[in-house]
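> Quick check, what structure comes out for this input:
(one chain, ligands or ions: 2)
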Amino acid sequence: MSNTVLEVKNVLKTFGGLKALNDLNLTVKEGTVHAIIGPNGAGKSTMLNVCIGQLTPDTGSVTFNGEMITGKKPFEINQAGISRVFQTPAIFEDLTILQNVMVPALASRDGDFTFNAFKSLQKENDLEEEAMKFLQEVSLEDQAHNLAGSMSRGNKRRLELAMCLIQHPKLLLLDEPTAGMARHDTNRTIDTLKKIKEGGMTKIIIEHDMHVVFSIADRISVLAQGTIIAEGTPDEIRGNPKVQEAYLGGAHL
Ligand code: ADP
Ligand code: MG
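Ligands and ions are numbered 1, 2, ... in the order given. Next comes the predicted model:
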């Protein structure tokens, strides 16, 4: 039995009178790709926001590697090893693609100001090399020196993924990584996600595209009206009548 990386326990999150998360419980095991699916407005993004400290639950808790992270600040949770690819790409449009990937790594580097120029430059070279490696991972290396702002939305989202990967997170949260992408970009992103699956990093992926979900998830939880209504392997979920019902008129399973 593998270790639990993330545990969401009895989380309630309200917005006015609306229960966006209603007694939510979720356990994510180390090294798995855990997909969260569910209709629009089910609470998926709210759940990720609670996990990264962007939102504080009304009641309940989130534990990461056995440590309570509820109430911690987003940067503290990020430093503890959780990275997230946002639904809307958060990149630096005026920097090159390569520089974008270097930013998160620089931000987490300690004692930068005390280094002498030589050491700094040397580190810069190493960092550039590492950033290139992650650009290769998302197949953007041939555009490394272009300005990030000039890219397609699909490529911006892939860049953001590289910016997360360079932080070597223990847990990566992906909120609809292929949303709004053309089929070609979606396929490239699936390939990337499959490639990084082998690294053993735990991933939670929110995704509407069932083709993506069924091709990469080890486990699937179905969220509807703020609570998990079904959980299991892709095969178990595919045939679950509750899931079919939650999706009536929505996505296709
Ligand atoms: P999903 O990502 O599954 O589509 P969300 O987590 O974005 O769903 O939203 C869940 C519910 O909470 C929706 O009804 C949404 O309108 C509401 N909601 C989300 N964020 C806020 C907010 N900041 N203020 C008010 N209501 C919100
Ligand atoms: Mg959402």
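
> And the closest residue to ligand 2 within the chain, which helix or strand is it part of?
Going by CB to the ion, ligand 2 is nearest to residue 45 of the chain, at 3.2 Å. Every C-beta, even on glycine, is put in place using the N, C-alpha and C of the backbone. For residue 45, the host element (DSSP states H and E) is helix 44-51.

> Now do the helix or strand following that helix against helix 44-51, angle only.
Helices and strands here follow DSSP H and E; after helix 44-51, the next one along the chain is strand 59-64. Calculated by axes from the mean of the first three to the mean of the last three CA atoms, to 10 degrees, strand 59-64 forms an angle of 70 degrees with helix 44-51.

> In the protein, where's the longest helix?
helix 117-137 (DSSP state H).

> And the very next helix or strand once past that helix, what does it pack against?
Downstream of helix 117-137, the first helix or strand assigned by DSSP H and E is helix 153-165. On a contact count with 3 or more CB pairs under 8 Å, 6 or more residues apart in numbering; DSSP states H and E, helix 153-165 meets strand 82-85, helix 97-107, helix 117-137, strand 171-175, helix 183-197.

> Quick one: mean pLDDT for helix 153-165?
Mean pLDDT, helix 153-165: 89.

> Now that helix: buried residues?
154-165 (16 or more other CB atoms under 10 Å).

> for stretch 186-205, same thing?
Those would be 186, 188-190, 192-193, 196-197, 201-205, for stretch 186-205 by 16+ other CB under 10 Å.

> which residues are there in the stretch 1-150 of the chain that come within reach of ligand 1?
Proximity of the stretch 1-150 of the chain to ligand 1, by CB under 6 Å from any ligand atom, involves residues 15, 18, 20, 38, 40-46.

> repeat that for 8 Å
15-16, 18, 20-21, 38-47, 49, 55, 87 (CB under 8 Å from any ligand atom).

> need the contact list for the closest residue to residue 102 other than its chain neighbours.
Spatially, and ignoring its direct neighbours in sequence, residue 102 is nearest to residue 131 (4.8 Å; CB to CB, 6 or more residues apart in numbering). Counting by CB atoms under 8 Å, 6 or more residues apart in numbering, residue 131 touches 98, 101-102, 105, 162, 166.

> Please repeat the previous calculation with a cut-off of 6 Å.
Listed by CB atoms under 6 Å, 6 or more residues apart in numbering, the contact partners of residue 131 are 98, 101-102.

> Mind picking out the helix or strand in this protein with the poorest mean pLDDT?
helix 241-246 (a mean of 77; mean pLDDT, DSSP states H and E).

> wait, does that one contact ligand 1?
No: on the criterion CB under 8 Å from any ligand atom, helix 241-246 is out of touch with ligand 1, staying 11.6 Å away.

> Put the alpha carbons of that helix into PDB.
Output of helix 241-246 as PDB, limited to C-alpha atoms (Å, rounded to 0.1, in the frame of the first residue of the first chain):
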ATOM      1  CA  PRO A 241     -24.400   4.600 -13.200                       C
ATOM      2  CA  LYS A 242     -24.100   7.500 -10.700                       C
ATOM      3  CA  VAL A 243     -21.400   9.000 -13.000                       C
ATOM      4  CA  GLN A 244     -23.500   8.600 -16.100                       C
ATOM      5  CA  GLU A 245     -26.300  10.400 -14.300                       C
ATOM      6  CA  ALA A 246     -24.100  13.300 -13.100                       C
END
